[in-house]
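1. got a sequence here, can you build the structure:
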Amino acid sequence: MDTATAVARDAQASIDMESAVDALDAVTTEGAQHHLDPKQTLHKPADHNISHSWLSRFIAPSTLESFANNWHLGNYVIDRKTGEKSWESMSIYVRLGMHLLYYGSEQERLLESKKTQDALKQQSIKMGKEYDSPESVAHIQPFINSFGLQESMQEMVESDPKKYKTFNEFFAREIKQSARPIDEPQNELLASSPADCRLTAYDTIDMATKYWIKGSGFTIGRLLNNKDIAQQFDGGAIVIARLAPQDYHRWHAPVSGTVEQVYDIPGAYFTVNPQAINEPGMMDVFCENKRSVMMVKRTGTGTSIAIIAVGAMLVGSIEYVNGVEKAGSDIQRGQCLGKFLYGGSTVIVLYPRGELKIDEDIARNSTEQKCETLVKVGWRVGAKPT
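-> Next up, the predicted model:
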């Protein structure tokens, strides 16, 4: 590529990035109109003609067409109970996040990457303020109606939507313990899902990078921001639990044990949609995003596991509950550990070699199908081989 062509390409990429930033700002501003159906604003399906028409007000048609050709505008998930595979469309705000992630990866220049990260951070702060405001309660009922959450509200400690003081308080609502009983409660070798989520899991981290995590530069050392701790997980298993915005947004202990330490890692606010995780050459969002690591010494086996809460696009904060983050705290499998405020999020759990064998159906979905599995808190995902 000659110099003139490279300069023109970079100039167009910068224009496209700024256009995507403007579009994201516009869609979050629409999302702050709390009385509106969220599926007409932030969660408008990205593969809908109306979304394409709206985006064309900001982004060049050729850029939109290229994006649609290169990436799916959604992904399939498999219901563990029924085995049915269904399509989940990418929300318009996630599509814009993919545009910004692409520019941050493609440019490979500190300035452009910083522009992208700053834009996403500012939008996350903006939505956090909007959903912490008393006026945001007007968004609760439209959100419930849009995502069909009426029945699930009966599982919550506070089932009356009118009792929540802000949308974020509702978003991080607490569930009744009885609503998520753990499988095989007496089995200390079993590991549970940490969240109501779309889950992938692999017996080895090498398998995860073969089938799922394609981002450039992913290593356990970078994920944990600690090479010494990372060595404990050489050849070990990995569970990836992705929470969509409509999911119950707290995470729970996958095993019983004692908290050894908790440390936070500052980072960006990129989308954690599967399209971002599965695309070769993209910057690795798990290692770039804001996250918090909890190390737990497992009851029954005495080995340490890592529970990593990963923030994502428009996530306001990652918060532990009831003091569980204190070193020496005893936790029980299925116990609530923390909550995410608004946005999609991910919880990753790492197990040392030989500590976890993934259940056959989840392993098959994650490898042969290359597909997430819908599971809930407390459901088993595997067990230590005996």
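2. separation between Gly217 and Ser124?
-> Counting by CB to CB, to the nearest Å, the gap from Gly217 to Ser124 is 23 Å. Backbone N, C-alpha and C define where each C-beta goes, glycine included.
3. and those two? Which one has more around it.
-> Ser124 (24 against 10; other CB atoms under 10 Å).
4. excluding sequence neighbours, find me the nearest residue to the more buried one.
-> What sits nearest to Ser124 in space, not counting adjacent residues and going by CB to CB, 6 or more residues apart in numbering, is Tyr269, at 4.7 Å.
5. the one you found: what's it in contact with?
-> 117, 120-121, 123-124, 289-290, 311-315 (CB atoms under 8 Å, 6 or more residues apart in numbering).
6. show me where the stretch 201-350 of the chain has strands.
-> Using DSSP state E, counting those that start in this stretch, the strands of the stretch 201-350 of the chain run over 237-243, 250-252, 257-265, 291-298, 304-310, 318-320, 330-331, 336-340, 345-351.
7. could you export the ones you listed as CSV, including mean neighbour count and distance to Phe171?
-> As requested, these are arranged in CSV below (neighbours: other CB atoms under 10 Å; distance: least, CB to CB, whole Å):
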stretch, mean neighbour count, distance to Phe171
strand 237-243, 26, 11
strand 250-252, 27, 10
strand 257-265, 17, 21
strand 291-298, 22, 18
strand 304-310, 25, 15
strand 318-320, 18, 12
strand 330-331, 17, 23
strand 336-340, 24, 8
strand 345-351, 26, 11
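8. so which of the ones you listed gets nearest Ala363?
-> In terms of CB to CB, the element of the strands of the stretch 201-350 of the chain nearest to Ala363 is strand 237-243, at 10.0 Å.
9. got the contact list for the closest one?
-> Residues outside strand 237-243 that contact it (CB under 8 Å, 6+ apart): 191, 193-205, 208, 212-213, 249, 251, 254, 272, 274, 340, 344-351, 355-358, 372, 375, 381-382.
10. can you check stretch 128-143 too?
-> By CB under 8 Å, 6+ apart, stretch 128-143 touches 28, 31-32, 34-38, 149, 161-162, 164-168, 170-171, 316-317, 341-342.
11. list the contacts of the closest residue to Phe270 other than its chain neighbours.
-> Sequence neighbours aside, Val285 is the residue nearest to Phe270 in space, at 4.2 Å (criterion: CB to CB, 6+ apart). Neighbour list for Val285: 101, 215, 268, 270-272, 276-277, 312 [criterion: CB under 8 Å, 6+ apart].
12. with Gly257 instead?
-> Counted by CB under 8 Å, 6+ apart, Gly257 has contacts 296-299, 305, 330-331.
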